[in-house]
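**Student:** Could you work out the structure for the sequence below:
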Amino acid sequence: MYTTTTAVKTYLGISGAGDDDLIDDLIDRAQAAIERYTGWVFEAATDTRYFESDAVVDSVLWTGGDLVSITTLTNGDDDDTEISSDDYRLLPRNAGPPYFGVRMLVDTTTTWDFDVDGEVSILGTWGYSASPPNDIIHACIRLAGYYYRQRDSQVFDVTAIPGAGVIQIPQGIPADVRLILDKYPRWVS
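**Tutor:** Here you go, the predicted structure:
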């Protein structure tokens, strides 16, 4: 989870435990909305992913843009040879994570090998970063709080003009949250 029930309750000024299950559910919904909107998973997880030969272009294995770190990189040869970290670089070279590719170095004898099962595997940490950035945590708190307050509202996603004292209830994700999320455009291969 990007945030805690306690953080959302503090934001909302709630002290009791009566709505804890609801707030937990709203945090999950806010996190899912953030991930859908940005295309990023901001909470890293360890996993093994497999890549076929079409993922390699000009000695670069394209991972899809959400690699935080590599634990083990294994070639697809008969011996499932582990590729040394001295033989490759993560891309982009001077930025990241997240990394979007693995470039085999030209001064190494190691090459991508897809002879046996057609797959190179990466055991690594996947996501945008090892932990969510602070502004994403804030966006999740803010959005979960917005969802919580929305439950008591009699109107949703409307603009009214009662006597020109305009009342606006934002549509979808509130504008301040969108401003935060728009800083995280999805890398597209």
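**Student:** Mind pulling up the pLDDT for the nearest residue to residue 151 once chain neighbours are set aside?
**Tutor:** Closest residue in space to residue 151, ignoring its immediate chain neighbours: residue 22 at 8.0 Å, by CB to CB, 6 or more residues apart in numbering. C-beta here means a position set from N, CA and C on the backbone, and glycine is covered the same way. With respect to pLDDT, residue 22 scores 96.
**Student:** SS state for residue 22?
**Tutor:** helix (DSSP: H, G, I helix; E, B strand; the rest coil).
**Student:** My guess is it contacts residue 148. True?
**Tutor:** Yes - the pair residue 22 / residue 148 is scored as a contact, 7.3 Å apart, by CB atoms under 8 Å.
**Student:** Which pLDDT value goes with the most centrally placed residue in the chain?
**Tutor:** Centroid-nearest residue in the chain: residue 41, 1.7 Å away (criterion: CA atoms, centre = their mean). Residue 41 carries a pLDDT value of 90.
**Student:** can you check residue 19 too?
**Tutor:** According to the prediction, residue 19 has pLDDT 94.
**Student:** can you give me the strands for the chain?
**Tutor:** With DSSP state E, the ranges of strands along the chain come out as 45-51, 56-57, 60-74, 88-91, 99-104, 120-126, 159-160, 167-168.
**Student:** For those, could you give me a markdown table that also reports mean neighbour count, distance to residue 141 and mean pLDDT?
**Tutor:** What follows is the strands of the chain, written out as a markdown table (neighbours: other CB atoms under 10 Å; distance: least, CB to CB, whole Å; pLDDT from 0 to 100):
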| stretch | mean neighbour count | distance to residue 141 | mean pLDDT |
| --- | --- | --- | --- |
| strand 45-51 | 13 | 22 | 94 |
| strand 56-57 | 14 | 40 | 90 |
| strand 60-74 | 18 | 23 | 91 |
| strand 88-91 | 19 | 31 | 94 |
| strand 99-104 | 20 | 28 | 94 |
| strand 120-126 | 20 | 24 | 95 |
| strand 159-160 | 10 | 26 | 60 |
| strand 167-168 | 10 | 22 | 58 |
